[in-house]
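*Asks:* Here is the input, now give the coordinates:
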Amino acid sequence: MAAYYPEELIEEVRSRSDIVAVVGSRVKLTKRGANYWACCPFHTEKTPSFSVSQNKQMYYCFGCGAGGNAVTFLMNYENWTFPEALEYLAERAGITLPKREMSAEERNREDARSRLIELNGEAAKFYYYQLRSPVGKSGMEYLSRRGLSAETLRRFGLGYAPDEGWYSHALYTYLKGKGYADEEMRSSGLVKFKEGQGPYDFFRNRVMYPIMDKNSRVIGFGGRVLDGSEPKYLNTPETPVFDKGRNLYGLFAAKLTKRPYYLLMEGYMDVIALHQAGIDCAVASLGTALTEGHARLLKRHTDNVILTYDSDAAGTKAAMRAIPILREAGFNIRVLDLKPYKDPDELIVHEGAAGYEERIRNAVNFFLFQSDIWKRNYDLSDPAGLTAYFRQLAEELTTFQDELERENYLNAVCERQKIDPALLRKMMNRIGNRRMKAEPDPAEEDFDENAVTQKSGRRKEKDEGLLVAAQMLLNWAACSGASPARIRTLLTEEDMPTETCRDVFLRILREKEEKGKVLPASVLNRYVEDETQSKEAAAVFSKGFPEDTPAEEKAHILTESLRRLRRERLNRELREADTAAKIQQLAQARQSLYRLTVTAADTEE
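*Replies:* Have a look, this model is predicted:
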């Protein structure tokens, strides 16, 4: 990390980047107590266990253990490198970073990526001109039947992959003539190599849709077959520049829209047809179900999404899968009704842009859409089926954390489904109360489960228990008013069970000695490029006690934690001792463990 930028500069950028604002721009946060909460963006859950502390300038998930500061959040959420995350925050904070030299490895990797993007661009030119040649007649006829204008074909760079038989290698020959090596073509996924039979083009007899990133660079292709064979659509295999789970078709054009929402759909032709009709905010996932990567990418451009998936069973299923992902990303979601038409392209053909605009205005809130779909699963003429349907609605309503939002959704769904709000509210509250009893507050659950006394009787594996004991003591060392000298009389570097804990311990002492206090986010700067270390370090600052814990109880738990760590250390040294004098010394130290005590005064902040 220091090889990139000076540590003082990193800390200046971090300190001027409020983590609540950074996380809140990507995840919907709800304030509860001193912290902000959300469903974790790094694992699937219904009960929020992801906590963001403005005071500590850090986040921590009590479910999966993800944790860190603003830099690590962006690295994990956006899949950015450390320099990319820091540069984003610096620009956001108005800080100019000095230009840095890339390492040889970085330069080689970047050169290879640039070369691959150039190769894709050349392939796009090849396909583009093939479509307009006699070879591409069938492709041009197909696109003409679909009603696409010459301008639309040009804007989206549509082309044609010729077919010269199974071992067609027209693209290979073209790229070879442009100076690209076999290994570069193999890396692009556009050319395959079979031992003993040589190279052959991956796409044959297909209309080609170049897939461009937001900067209009070709990163991959989709191809639609023209002879009725399977698969109907085929994408470029994943490459160093193409990840279908992190790119959206049409984004390069949609990013220019002035509309306050994006239309999310399934097919290339759907996107192209809408843009041609002047509805310039359409994007599509690339032949795959919507992913968290798609949602994160979309979130950089809008907070409002209208799902416009096909109206058949598969499209409905895809919409139902997409809604939870979009909710967790913090979108406002509506669903457009395409019936009686199958897909957006068909709707445009029959009703035109005006008809589509009317459908957009009438798009329904996602929860009301879900309530209609869930209803199909029950026999509402049967009292048991009706009750089960109401119960599902009530359970889903409990996932809304904000009380006013929950009440608004309850009233809206009751009006749509002709339900007495009082009865559904009563059922919802009963389910919510039962769930609260079964699922304690994440922060308290973490404390109760991991407290060294283990009053609940639940025990963890030995190593994990030692790690938690160390993390609790490190939290005390960082957050209490205990002086560095007092901490050193009780706790030593050798007591720590892992390298990360030892490093955090020394860093905490250094911060206290130099600055008089410890800012968790500053400590976490050191671990931004190692996910395992970052999680372990972040866990330290999540191991605080509930606010109403008596000082005497804190002292007792910390004392037991300290003795446990010291006992383990002495036992380890005893096993390694090779002289009688050393063994006697360690045995006496073990007998004196009862003198090792954290006092109530030590726990004061």
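*Asks:* Is residue 244 in a helix, a strand, or coil?
*Replies:* coil (DSSP: H, G, I helix; E, B strand; the rest coil).
*Asks:* ok, it - how many residues close by?
*Replies:* Residue 244 has 22 neighbouring residues, counting by other C-beta atoms under 10 Å. The C-beta positions use only the backbone N, C-alpha and C, and glycine is treated the same way.
*Asks:* tell me the phi and psi of it?
*Replies:* phi -70, psi -20 (degrees, to the nearest 10).
*Asks:* Please report how far it lies from residue 233.
*Replies:* Noted for residue 244: a distance of 12 Å to residue 233, by C-beta to C-beta, to the nearest Å.
*Asks:* Overlap in contacts, those two.
*Replies:* residue 287 (C-beta atoms under 8 Å, 6 or more residues apart in numbering).
*Asks:* Hmm, residue 24 is touching residue 36, no?
*Replies:* Yes: here residue 24 reaches residue 36: they are 7.3 Å apart, a contact under C-beta atoms under 8 Å.
*Asks:* The two: which is more packed in?
*Replies:* Between residue 24 and residue 36, counting by other C-beta under 10 Å, residue 36 is the more crowded of the two (22 against 15).
*Asks:* Report the residue ranges of every domain in this structure.
*Replies:* Here the domain assignment for the chain is 7-93, 104-235, 251-371, 377-438, 446-603, based on automatic domain parsing.
*Asks:* Of those, which shows the lowest average pLDDT?
*Replies:* Among these, domain 446-603 has the lowest mean pLDDT, at a mean of 80.
*Asks:* Pull the distance from that domain to the chain's centre.
*Replies:* 32 Å (C-alpha atoms, centre = their mean, to the nearest Å).
*Asks:* when you give positions from now on, start the count at 13
*Replies:* Sounds good: first residue 13 from here, last item domain 458-615.
*Asks:* now the helices: where do they sit in the stretch 113-262 of the chain?
*Replies:* 116-143, 149-157, 162-168, 182-189, 194-200 (DSSP state H, counting those that start in this stretch).
*Asks:* list the buried ones in stretch 82-96?
*Replies:* 82, 83, 84, 85, 86, 87, 88, 89, 90, 94, 95 (16 or more other C-beta atoms under 10 Å).
*Asks:* got a list of what residue 485 touches?
*Replies:* Counting by C-beta under 8 Å, 6+ apart, residue 485 touches 503, 570, 573, 574, 577.
*Asks:* thought the fourth one was touching residue 608?
*Replies:* So that's residue 574. Yes: in this structure, residue 574 is within contact of residue 608 by C-beta under 8 Å, at 5.7 Å.
*Asks:* Just give me the closest of the buried residues of stretch 82-96 to residue 313.
*Replies:* residue 90 (13.3 Å; C-beta to C-beta).
*Asks:* isn't the closest one right up against residue 101?
*Replies:* No: with contacts counted by C-beta under 8 Å, residue 90 stays clear of residue 101, the gap being 11.4 Å.
*Asks:* one step back: which of residue 574 and residue 608 has more residues huddled nearby?
*Replies:* residue 574 (23 against 16).
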